[in-house]
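# generate a structure from the sequence data that follows.
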Amino acid sequence: EQGYELHKGQYMLSDQLVDYWKDLLTAHTSVTYVEDPFSERDSEGWASLMKEVPTDADFTVVGNTLFHSNAERLQTLLELEAPPCNAATVRINQLGTVTEAYDSMKVVTEQERDLVIASNAGDSSSTMIVDLAVAMDAKFVHFGGFQHSEAVAKYNRLVQIEEVLKESGRMMERDGQDKK
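Sure, this is the predicted structure:
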């Protein structure tokens, strides 16, 4: 087994990649978010990295392909004594219904993990996903780059919601304090 290919022809095994991530994150403290740092089959790599992330650090290790937005897989992995990550991505387009998406999002929030709501590039310009992300108190959204008009529509909707919440006095900071 060659392991993970970081650069053309340069491979690292799982334990080496844990050390690589640890060194990278120590050297670059402004990096606070890593998504899918290991393959979905590398449970030891995920667990080892989470042991290296201080619990008081504002650092997010996100499982995306690890879960495939599946509520049962989310439940099983997030309930482990040593969960593989402290955040999970839910992609509504990977699920058949809004109810399935809600079930997956609920698992993430009930396990007190950060929720990431995402859509795929080329997704429709419908902004319903934005309202759902706000309603579910997602910590992060991932709608793609501004070169895609469907992503711009979603970010614009996010700004509209923020303005409405501010005007109504319902905008809160993540720490529960009123936003001025």
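
# would you map the strands across this protein?
Under the criterion DSSP state E, the chain carries strands at the ranges 4-7, 10-12, 33-35, 60-63, 87-91, 114-118, 140-142.

# so can I have CSV of these showing distance to Glu79?
From N, CA and C alone the C-beta is placed, and that goes for glycine too. As requested, those are exported to CSV (distance: least, CB to CB, whole Å):
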stretch, distance to Glu79
strand 4-7, 27
strand 10-12, 29
strand 33-35, 21
strand 60-63, 13
strand 87-91, 12
strand 114-118, 16
strand 140-142, 22
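
# what's the most buried one of those strands?
strand 87-91 (a mean of 25; mean count of other CB atoms under 10 Å).

# hmm, who's touching it?
If you take CB atoms under 8 Å, 6 or more residues apart in numbering as the criterion, strand 87-91 is touched by 35, 60-64, 66-67, 69, 74, 78, 101, 104-105, 108, 113-120, 139-140, 142.

# thinking again about what came up before, identify whichever of the strands of the chain lies nearest to Leu165.
Nearest of the strands of the chain to Leu165, taken as CB to CB: strand 140-142 at 15.1 Å.
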